[in-house]
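*Asks:* Make a model of this:
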Amino acid sequence: MIGELATKLFELKAEKTRLNAEVSMLEPQIKETEKELLNKMREEKLLKLSNDLGTIYISPQVVPDVVNWDMFYEYIGRTNSFHLLERRLTKTAFREMVENGESVPGVDSVRFDEVRTRKD
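*Replies:* I've put the predicted structure just below:
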């Protein structure tokens, strides 16, 4: 039973790897087609188009691009604007601190077991 589960896990991971490779090959084609389509839609002054498969539309986006992290962090501290940051710690840096005997106030370490695989 346990041997069958191990075999199943390796087979599933192999299938996932194969499928991820296919997806990786499609991503550049998708990005290039989106870029070409966006340019054509702009040329023709279209905000939306539809066909039998669905609707495509231009959705304006606003995303941050921090050009001066020191100024940005100073602003966050001065205005208490911590909502601008994602609430997530860097796992690697946290692990290094814990391994060096340091603690981070307000943060607990959570330990759990994880199944890992390695091809022999």
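
*Asks:* mean confidence for the strand or helix carrying Glu34?
*Replies:* Using DSSP states H and E, Glu34 falls within helix 2-43. Here helix 2-43 scores 96 as its mean pLDDT.

*Asks:* what's downstream of that helix, the next helix or strand?
*Replies:* Sequence-wise, the next helix or strand downstream of helix 2-43 (DSSP H and E) is strand 48-51.

*Asks:* how far is that following strand from where the chain is centred?
*Replies:* Mean C-alpha position of strand 48-51 versus that of the full chain (Cα atoms, centre = their mean, to the nearest Å) differs by 29 Å.

*Asks:* Ok, stretch 33-40 next?
*Replies:* Counting by Cα atoms, centre = their mean, stretch 33-40 comes out at 23 Å from the chain centroid.

*Asks:* outside of stretch 3-13, which residues touch it?
*Replies:* Defining contact as Cβ atoms under 8 Å, 6 or more residues apart in numbering, one finds that stretch 3-13 is touched by Val115, Thr117, Lys119. For glycine as for every other residue, the C-beta is placed from the backbone atoms N, C-alpha and C.

*Asks:* Report how many residues lie close to the closest residue to Leu85 other than its chain neighbours.
*Replies:* Take Leu85 and drop its neighbours on the chain: the residue closest to it by Cβ to Cβ, 6 or more residues apart in numbering is Ile76, 7.0 Å away. By the criterion of other Cβ atoms under 10 Å, Ile76 has 14 neighbours.

*Asks:* Contacts only, for Ile76.
*Replies:* Neighbours of Ile76 in contact, by Cβ under 8 Å, 6+ apart: Phe82, Leu84, Leu85.
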